[in-house]
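In: Okay, here's the prediction I keep looking at, along with the sequence it came from:
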Amino acid sequence: MKKRLACLFLLLWFCCNQAQIVRAQFAMTNVYGRKYSLLNGKWDVIIDPYLHGHKDSIYKDKPLKGKFDFKEYAFEGGLRLNVPGDWNSQCPELKYYEGTVWYAKYFSVQRSSDENIFLYFGAVNYRSTVYLNGTKIGAHEGGFTPFQINITDHIVSGNNFLVLEVDNSRNKDAIPALLYDWWNYGGITRDVMIVKTPQVYIDHYFIQLDKYKPDLIHVKVQLSEKRVNENIRIAIPALNVFWQLSTDSTGMAQTSMKVKRLQRWSPQTPHLYLVQLATRNDTIEEEIGFRNLYVKGKHIYLNGNPVFMKGINFHEEIAQRQGRAFSQQDAVALLSEAKTLGANLIRLAHYPQNEYIVRLAEKMGFMLWEEIPLWQNIDFNSKATLRKALAMHSEMVMRDRNRCALTFWGIANETSPSKPRDSFLREIINNCQKMDTTRLLTAAFDKVKWNNDTSTFELEDTLTEYLDVISINKYMGWYHPWPLKPSEISWNICPDKPLFISEFGGEALYGRHGDATVASSWSEEYQEQLYKDNLEMFVSIPNLAGIAPWILFDFRSPYRFHPLNQNGWNRKGLISDQGYRKKAWYIINDFFRKH
Ligand code: GCB
């Protein structure tokens with residue numbers, strides 16, 4: 001009997017605690033278009049490699065009790081870090097740190113009875129648990145996508161004590177998993193905001209041009225509550241468009257409407273329209289572009305014309321600062337280099353990058369490829385990993401599906417065919433198709449085989465039938481020696497679909513000169529020749545739809561050890577860590593100018 005009572009008590013205690021936990025939610029559409037204030041700036045932090053913070057309940061702002069009480073962990077008087085910002089680049093002790101850091105900040109907020117108040121995080125790498133005024137209010141996993149927590153019922157008047165436990169340790173079932181070729185920057189790496197909305201607000205909307213029709217706009221709006229017959233007004237003043245919709249019993253309204261004299265978005269004319277949405281209590285507006293995008297045969301069509309993808313890859317990193325990019329200025333720095341190179345598409349490697357980059361890229365006329373970090377070594381047998389991948393993928397699509405620049409949803413990078421992989425990635429594809437049919441689906445494959453009898457590169461992968469465009473990462477001249485002269489090599493990979501070379505390249509140290517035929521010279525001449533050879537080979541691929549060199553800038557990676565040539569940097573950049581152009585840059589610039 002006693003045992004039973006104890007069990008019951010435990011169960012009750014567990015349920016009460018669970019009831020207090022508000023799950024982190026998908027972020028609402030267009031958070032930057034809401035009423036918000038930033039919680040950026042200096043935050044107090046505690047580095048906690050032994051995870052002692054829980055024992056001390058450091059998320060509770062507890063005063064000392066009497067003369068014999070004391071604290072061994074405290075925020076006041078300790079280290080302070082900038083938010084947004086990775087911790088590695090802000091303090092030498094944290095350069096290689098992988099583990100837990102606690103962040104704390106006091107804030108106050110005016111509340112009125114008819115408002116919702118949310119805490120919004122642009123990204124926290126990798127796991128985060130959020131405590132407000134001593135109570136755990138939410139948790140999130142995934143380092144590159146946003147989440148929000150409704151804190152309306154948790155805030156107090158006066159000072160609120162916000163604590164985040166952030167953990168960037170690598171795990172087998174995480175995404176990315178244990179090993180990857182970029183720096184594991186930990187911390188609160190993007191904006192933190194307090195966002196206010198009316199009680200019933202416009203939670204999500206999706207407004208895009210039809211895949212094929214140049215004058216048909218599809219609109220879907222979802223309220224935060226299941227309110228039926230609510231009136232939703234949509235206006236695009238420059239097109240003289242004023243629509244009225246009404247919600248169904250799920251609080252959703254949708255329609256497809258014709259428009260006249262629409263100027264479509266393209267890299268040459270990246271035109272955006274101001275779109276306004278309003279309900280009885282809520283209004284929101286944002287600039288949205290419209291374009292048609294589809295695949296026919298082996299070509300990609302943008303606004304009805306075949307388009308050649310002059311792509312470039314980059315990480316969300318400012319090499320000179322040796323840290324994560326997080327601001328508008330950083331976006332300008334990265335994107336203006338891509339523009340000067342002559343690119344019209346950016347593959348945001350290998351994770352969703354911040355909204356400053358995505359929004360500015362659209363304004364500057366870049367098409368975009370976005371993916372979640374399903375990068376090699378993923379545990380495709382794990383149900384938990386699949387759940388995480390689906391959540392991350394949804395968070396990415398929900399954040400960016402109104403960006404017409406978004407051309408590709410990348411499904412995965414360099415995976416090997418197997419039953420578990422196939423069913424895992426099929427779920428991601430299905431999820432994607434449920435949320436958005438206006439993008440092209442692709443995945444970067446690297447298991448390309450050389451057929452000696454036919455002098456041909458081939459690929460066998462059952463996943464290709466579910467994708468619109470087949471992308472290949474191929475490092476000829478770097479990891480793979482040339483089997484024949486570049487001009488003697490043919491490609492026979494999904495000949496009826498567009499083929500995109502999503503990565504190729506090799507390493508060179510800026511300013512190092514040497515033998516153009518010897519990889520280990522790490523010379524600009526070797527990299528330059530490698531680029532010439534690869535381009536010579538690619539142009540004869542019958543279904544070539546574009547290329548994207550790996551990579552625009554040298555980037556930091558603990559995967560790259562050579563003390564003289566690399567020293568913690570992957571040197572495949574066309575531009576060095578100090579911002580200087582290597583010889584190969586000019587080869588690509590020239591190629592892009594001619595295509
Ligand atoms: C790849 C990966 C990329 C690496 C690159 C390299 O195939 O997709 O993340 O950084 O190769 O430099 O080896």
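Out: It's in.
In: going forward, measure contacts and count neighbours with C-alpha atoms only.
Out: Noted.
In: Just the terminal-to-terminal distance for stretch 271-289.
Out: Start and end residues of stretch 271-289 are separated by 6 Å (C-alpha to C-alpha, to the nearest Å).
In: How about stretch 462-481?
Out: End-to-end for stretch 462-481, by C-alpha to C-alpha: 27 Å.
In: Give me the contacts around that stretch.
Out: 295, 414, 417, 422, 426, 429, 440-446, 448, 482, 494, 497-507, 519, 530, 534 (C-alpha atoms under 8 Å, 6 or more residues apart in numbering).
In: of those, buried ones?
Out: By neighbour count, with 16 or more other C-alpha atoms under 10 Å, the contacts of stretch 462-481 hold 295, 414, 422, 429, 440-446, 448, 494, 497-507, 519, 530, 534 as buried.
In: where's the residue positioned nearest the centre of the chain, which helix or strand?
Out: Nearest to the mean C-alpha position of the chain, by C-alpha atoms, centre = their mean, lies Pro352 at 0.6 Å. Assigning secondary structure by DSSP states H and E places Pro352 outside every helix and strand.
In: so it sits right up against Met396, yeah?
Out: Yes - at 6.6 Å, Pro352 counts as touching Met396 under the criterion of C-alpha atoms under 8 Å.
In: what is in contact with the two at once?
Out: What both Pro352 and Met396 touch, as defined by C-alpha under 8 Å, 6+ apart, is the set 145, 372.
In: For Tyr526, give me its contacts.
Out: Counting by C-alpha under 8 Å, 6+ apart, Tyr526 makes contact with 508, 514-519.
In: correction: Ile194
Out: Contacts of Ile194 by C-alpha under 8 Å, 6+ apart are 36-39, 117-120.
In: ok, 10 Å please
Out: 34-39, 107, 109, 117-121, 148-151 (C-alpha atoms under 10 Å, 6 or more residues apart in numbering).
In: still on that earlier bit, so who does the residue nearest to the centre of the chain touch?
Out: Taking C-alpha under 10 Å, 6+ apart, we find Pro352 in contact with 123, 143-146, 315-316, 358, 369-373, 392-393, 395-397, 399-400.
In: Okay, domains of the protein per the record?
Out: In terms of domains, the chain is parsed into 25-61+75-198, 211-291, 305-594 (source: the TED database).
In: Let's verify Asp533: helix, strand, or coil?
Out: What DSSP: H, G, I helix; E, B strand; the rest coil gives for Asp533 is helix.
In: Find the residue closest to it in space, skipping its chain neighbours.
Out: Pro486 (5.9 Å; C-alpha to C-alpha, 6 or more residues apart in numbering).
In: do the same with Gln199
Out: Nearest non-adjacent residue to Gln199, counting by C-alpha to C-alpha, 6+ apart: Glu115, 5.0 Å away.
In: Please apply the same query to Lys95.
Out: Lys95 sits nearest to Asn88 (C-alpha to C-alpha, 6+ apart), 4.1 Å away.
In: got it, and Trp522?
Out: Nearest residue to Trp522 in three dimensions, chain neighbours excluded: Ala508, at 4.5 Å (C-alpha to C-alpha, 6+ apart).
In: give me every residue that touches the one you found.
Out: Shown in contact with Ala508 (C-alpha under 10 Å, 6+ apart): 519-528, 554, 565-566, 570-576, 582-584.
In: Apply 8 Å and report the result again.
Out: 522-524, 526-527, 571-573.
In: swap in Gly505?
Out: Applying C-alpha under 8 Å, 6+ apart, we find Gly505 in contact with 475-476, 478, 527, 530-531, 549-551, 572.
In: For the stretch 151-300 of the chain, which segments count as helices?
Out: Ranges of helices within the stretch 151-300 of the chain: none, based on DSSP state H, counting those that start in this stretch.
In: just for it, where's the confidence low?
Out: Within the stretch 151-300 of the chain, not a single segment meets pLDDT under 70.
In: And the strands in the stretch 401-550 of the chain, which stretches?
Out: Shown for the stretch 401-550 of the chain, the strands assigned by DSSP state E, counting those that start in this stretch span residues 406-413, 440-445, 448-451, 456-459, 469-473, 490-491, 499-503, 544-547.
In: Which one of the ones you listed lies nearest to Gln322?
Out: strand 499-503 (22.9 Å; C-alpha to C-alpha).
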